[in-house]
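Got a sequence here, can you model it:
(one chain, ligands or ions: 1)
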Amino acid sequence: MFKKILIANRGEIALRVIQACRELGIPTVAVCSTADRESLHVTYADEDVCIGPPPSSQSYLDIGSILSAAEITGADAVHPGYGFLAENAHFAEVLGECKLAWIGPPPEVIRLMGDKAQARRTAAAAGVPVLPGSAGPLASAEEALALARDVGYPVILKAAAGGGGRGMRIVRSGEELAAQFRTASAEAEKAFGDGSVYLEKYLEEPRHIEFQVFGDRHGGAIHLGERECSIQRRHQKLIEEAPSVALTPELRQRMGEASVRLCERVGYVNAGTIEYLLDRDGSFYFMEMNTRIQVEHPVTEMVTGVDLVKLQIAVAAGEPLGIRSGLSPRGHAIECRINAEDPVTFAPSPGRLQTFHLPGGPGVRVDTHGYEDYLIPPHYDSLVGKLIVHGRDRGEAIARMQRALDFFVVEGIKTSIPLHREILRDPEFRAGRLSTRFMEGFATRRTGGSS
Ligand code: ADP
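Got it, this is the predicted structure:
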């Protein structure tokens, strides 16, 4: 087992990794920017190293500084969390050259699945259904036009290097396509330094269903069931749950088997997530694979009883998985992302937490780096915490989430709590009638049809 783990991240996920390490008896090293000196991950880690100024390009993304921090402190493994360097194949390679263990999949697998067009081809080759569309990046607007005619409108243009819902464009007719192609490509170039764009059929009201997968270094590959992440705004997840009300045990098994097949095909090791779109007729299509731990991993932990972060560490140290695929989900879990933002405009709302009172009681878990008097720096993402509940069934989980949201008191900044309370009251949400367009319908219901 590892002697000391450096966590190349900040915020709630850095804290989550520290919790796992503490339970395993492994000392931790936190890294922080000068804006994060008062952060809880620094307080709770056994050691800490300041690696640079607030901009992440000069701190959390600075590979040289992170390597120096590992060297100085004698860490022998690095956990990347999610975001920042978590899907950076080059970082994983450099760590290997420096004889530091990487708690994640092999660099070549990160690279393969990180290119969305290549990932699509790989999924298709593994017999996982993909939406009709381009085999690779499109060379020109003319090629896009010809393909869209074959596939049929609407289509969606996506950045091959995409992420976080950026660089995507829905196109409903041939007249718009050329202009949208150029916009998507320019946007992708600006956001990811790579203007490659591909095209696929756009589904009107699909559900976003993703499978938690895990591989070990002995050829073992399993899935740990699904998460429903259809409640999104601007293609960003807001509420996640496990299991999905849309999956029968039979569909769960088929999607799970497809997920495991893809893992086996690429030699997947460590935690990963395979994202699908589930159409109204029960067809499912591969969308992308995330080669890291996800923000929403706790809902899977709640219904499977598996500590995914401890499993990541064990697998990286060479241990076999020791769990079988397809555990039946136990009860129902829901996660609400608590963002420091205006619940109406979604504008970020950083600032000082004047009151920060966490809910507790049966079946409630809060993953957060916040505390009373903590100053949320404006330099990073707006997630201040995740409120997760577990109930015997979906009804109990919803009631539990409602009272936990009521008892979560935050003053000093605006948060997404009021929005979550409204969504939890919404009849469509309560009935489990979800799709990735849920928030559009919700906005209309909320304003009584005036928007
Ligand atoms: P990102 O990596 O930027 O998050 P994804 O490919 O995971 O992008 O897509 C994010 C979201 O965009 C999905 O959850 C879904 O809501 C929507 N989306 C993506 N592709 C399609 C499609 N072909 N049809 C309908 N919606 C889509």
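
Get me the contact residues on the stretch 301-450 of the chain for the ligand.
Applying Cβ under 6 Å from any ligand atom, we find that the stretch 301-450 of the chain lies next to the ligand at residue 436. Heads up, the C-betas are built off the backbone N, CA and C, glycines and all.

Helices along the stretch 301-450 of the chain, start to end?
308-316, 394-406, 417-425, 427-430, 438-446 (DSSP state H, counting those that start in this stretch).

Please convert the ones you listed to TSV, extending it with distance to residue 177, mean neighbour count and mean pLDDT.
Below are the helices of the stretch 301-450 of the chain laid out as TSV (distance: least, Cβ to Cβ, whole Å; neighbours: other Cβ atoms under 10 Å; pLDDT from 0 to 100):
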stretch	distance to residue 177	mean neighbour count	mean pLDDT
helix 308-316	41	22	98
helix 394-406	41	18	98
helix 417-425	34	18	97
helix 427-430	33	13	98
helix 438-446	23	15	94
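
any chance of these in CSV, plus distance to residue 159?
Rendered in CSV, the data for the helices of the stretch 301-450 of the chain read as follows (distance: least, Cβ to Cβ, whole Å):
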stretch, distance to residue 159
helix 308-316, 28
helix 394-406, 34
helix 417-425, 28
helix 427-430, 30
helix 438-446, 22
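
got the contact list for the closest residue to the ligand within the chain?
The ligand sits closest to residue 436 of the chain, with a gap of 3.4 Å, by Cβ to the nearest ligand atom. Counting by Cβ atoms under 8 Å, 6 or more residues apart in numbering, residue 436 touches 205, 206, 207, 208, 230, 232, 235, 277.

State the distance from it to residue 232.
As for residue 436, its distance to residue 232 is 6 Å (criterion: Cβ to Cβ, to the nearest Å).

intersection of neighbour lists for the two?
Common neighbours of residue 436 and residue 232 (Cβ under 8 Å, 6+ apart) are residue 208.

still on that earlier bit, now the contacts of residue 436 in a markdown table, with distance to the ligand?
As requested, the contacts of residue 436 are exported to a markdown table (distance: Cβ to the nearest ligand atom, whole Å):
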| residue | distance to the ligand |
| --- | --- |
| 205 | 9 |
| 206 | 5 |
| 207 | 9 |
| 208 | 4 |
| 230 | 8 |
| 232 | 5 |
| 235 | 4 |
| 277 | 6 |
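
Could I have the buried ones of the residues you listed as PyMOL selection syntax?
The buried residues among the contacts of residue 436 can be selected in PyMOL (16 or more other Cβ atoms under 10 Å) with this line:
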select buried, resi 206+207+208+230+232+277
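
Can you flag which of the contacts of residue 436 belong to strands?
Using DSSP state E, the subset of the contacts of residue 436 located in strands is 207, 208, 230, 232, 277.

For those residues, work out which two are farthest apart.
Using Cβ to Cβ, the pair of the ones in strands among the contacts of residue 436 lying farthest apart is 232 and 277, separated by 11.9 Å.

Give me the common contacts of these two.
Shared contacts of residue 232 and residue 277 (Cβ under 8 Å, 6+ apart): 208, 436.

buried ones in stretch 106-120?
Applying 16+ other Cβ under 10 Å to stretch 106-120 flags 106-107, 109-120 as buried.

and if you look at stretch 405-418?
Using 16+ other Cβ under 10 Å as the test for burial, stretch 405-418 gives 405, 408, 410, 412, 413, 414, 415, 416, 417.

How about residue 65: what's its closest non-neighbour residue?
Spatial nearest neighbour of residue 65, chain neighbours left out: residue 51 (4.0 Å); criterion: Cβ to Cβ, 6 or more residues apart in numbering.

Now for that neighbour: which residues touch it?
By Cβ under 8 Å, 6+ apart, the neighbours of residue 51 are 31, 32, 33, 59, 60, 62, 65, 66, 68, 69.

can you pick the most crowded of these?
The residue in those with the most neighbours, by other Cβ atoms under 10 Å, is residue 31 (31 neighbours).

Take the ones in strands among the contacts of residue 436 and lay them out in TSV including pLDDT and distance to residue 1.
Listed next are those as TSV, based on pLDDT from 0 to 100; distance: Cβ to Cβ, whole Å:
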residue	pLDDT	distance to residue 1
207	98	39
208	98	36
230	98	39
232	96	38
277	98	39
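
Now flag whichever of the residues you listed is closest to residue 26.
Nearest to residue 26 among the ones in strands among the contacts of residue 436, counting by Cβ to Cβ, is residue 208 at 34.2 Å.

Contact partners for the closest one?
228, 229, 230, 232, 237, 275, 276, 277, 278, 287, 436.

Show me the beta-bridge partners of residue 383.
Beta-bridge pairing for residue 383 (DSSP bridges): residue 339.

what do you get for the one 5 residues further on?
Beta bridges link residue 388 to residue 335, residue 365, judged by DSSP bridges.

and this structure, what are its domains?
Listed domain ranges for the chain are 5-103, 132-201, 207-446 (source: automatic domain parsing).

hmm, the second one touching the ligand?
To tie it back to what came earlier, the one meant is domain 132-201. Yes. Domain 132-201 reaches the ligand (Cβ under 6 Å from any ligand atom) through 156, 158, 162, 163, 164, 165, 166, 200, 201.

Looking at those, which are in strands?
Checking those against DSSP E, those in strands are 156, 158, 200, 201.

now for those residues, which pair is the farthest apart?
158 and 201 (11.6 Å).

out of those two, which sits in the more crowded spot?
More neighbours surround residue 158 than the other of residue 158 and residue 201, with 25 against 17 (other Cβ under 10 Å).

Neighbours of the residue nearest to that one when sequence neighbours are not counted, how many?
In space, and not counting its chain neighbours, residue 158 is closest to residue 168: 5.2 Å by Cβ to Cβ, 6+ apart. A count of nearby residues for residue 168, using other Cβ under 10 Å, gives 17.

So residue 168 sits against residue 155, correct?
No. The criterion here is Cβ atoms under 8 Å, and residue 168 misses it with residue 155 at 11.1 Å.

and the residue nearest the centre of the chain, what pLDDT?
Nearest residue to the geometric centre of the chain (Cα atoms, centre = their mean): residue 294, 3.7 Å. Looking at residue 294, its pLDDT stands at 98.

that's a helix at it, yeah?
No. Counting by DSSP: H, G, I helix; E, B strand; the rest coil, residue 294 is not found in a helix; it is coil.

Just give the closest residue to it, not the sequence neighbours.
Leaving aside its sequence neighbours, residue 294 sits nearest to residue 273 (Cβ to Cβ, 6+ apart; 5.1 Å).

That neighbour sits in which helix or strand?
Element membership for residue 273 (DSSP states H and E) is strand 270-278.

Report the angle between that strand and helix 308-316.
For strand 270-278 against helix 308-316, the angle by axes from the mean of the first three to the mean of the last three Cα atoms, to 10 degrees is 120 degrees.
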